[in-house]
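In: quick check, what structure comes out for this input:
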Amino acid sequence: VFPGTNCEYDSARAFEEAGADTIVKVFCNNTASEIRESVEAFEKAIDKAQIIMFPGGFSAGDEPDGSAKFFATAFRNEKLKEAVERLLNERDGLALGICNGFQALIKLGLVPEGKIVGQNEGSPTLTFNTINRHISKMAYIKVVSNLSPWLKNADLGGVYTNPASHGEGRFVANKEWLDKLFANGQVATQYCDLDGNITMDEEWNINGSYMSIEGITSYDGRCLGKMTHSERRGEGVAINIYGEQDLKLFRSGVEYFK
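Out: As a prediction, the model looks like this:
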């Protein structure tokens, strides 16, 4: 949890309902000593974890000049970088990022590379919606790959309804990367219409993402980043909205370790 994060409670609840024990850690940055203490606390927590999640929100108010930069800067710290590498490479752990968390994962390189490498000029990224303002609406997404253990319990080809709330959710990549992502099965979910047709129509592809891409994974699928809020569901929530809302994302992540 970073200053500006606002989805930690929904995310923790979703994991707990799936049977996980959660630790919500807050990164404090008022002073240099608080930053050092936060780095040490995060490192210890990651070393005890099987899953790390980057929740949604507007970390550092999406400043300076773009979303999730504070998130990404913190995790490029050598201690946190090595802790994440131990989680993924030595303990077969999982990583999840939703909305602002997806922005953090892609800036770090955890998607699509599966490791913290940062971005270069040709890397896939997330940028401003084509309407140049914040979007808040229900979106329809289609599961197009079951490479990821996060999607083990989702129906391949299934259409799910999830809420979207973001200003920088447009997925952008060059042709080389797009071809690679599709060939590897790393495109997990795409925006679609009610009938499951992938479309560039802005009514359905709400932010103008290239190839209507909503979520991508690392090469092995263990890191997943997606824009729409799969954690924002529950009894009595959006009961007048058409379609299946439960992607079973959190259940799948927890069951991976059983």
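
In: what pLDDT does Gly122 get?
Out: Gly122 is assigned 88 on the pLDDT scale.

In: give me the spatial nearest neighbour of it, chain neighbours excluded.
Out: Distance criterion Cβ to Cβ, 6 or more residues apart in numbering; nearest residue to Gly122, sequence neighbours excluded, is Asn174 at 5.8 Å. Every residue, glycine included, has its C-beta placed from N, CA and C.

In: in the stretch 1-150 of the chain, which segments are predicted with low confidence?
Out: Within the stretch 1-150 of the chain, the ranges that satisfy pLDDT under 70 run 59-67.

In: just the stretch 151-258 of the chain next, same as before
Out: Going by pLDDT under 70, which is the cut-off in play, the stretch 151-258 of the chain has no low-confidence ranges.

In: helices of that one, start to end?
Out: 175-183, 249-255 (DSSP state H, counting those that start in this stretch).

In: and Thr22, what helix or strand is that in?
Out: Thr22 is located outside every helix and strand, with elements delineated by DSSP states H and E.

In: typo on my end, it should be Lys137
Out: Per DSSP H and E: Lys137 is located in strand 135-143.

In: direction included, what does that strand pair against?
Out: For strand 135-143, the pairing partners within the sheet under DSSP bridges are strand 159-166 (antiparallel), strand 187-191 (antiparallel).

In: rewinding a little: could you measure the residue nearest to Gly122 against Lys180, distance?
Out: Distance from Asn174 to Lys180, counting by Cβ to Cβ, to the nearest Å: 10 Å.

In: including distance to Asp155 and mean neighbour count, could the helices of the stretch 151-258 of the chain go into CSV?
Out: Output for these, formatted as CSV (distance: least, Cβ to Cβ, whole Å; neighbours: other Cβ atoms under 10 Å):
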stretch, distance to Asp155, mean neighbour count
helix 175-183, 20, 14
helix 249-255, 12, 22
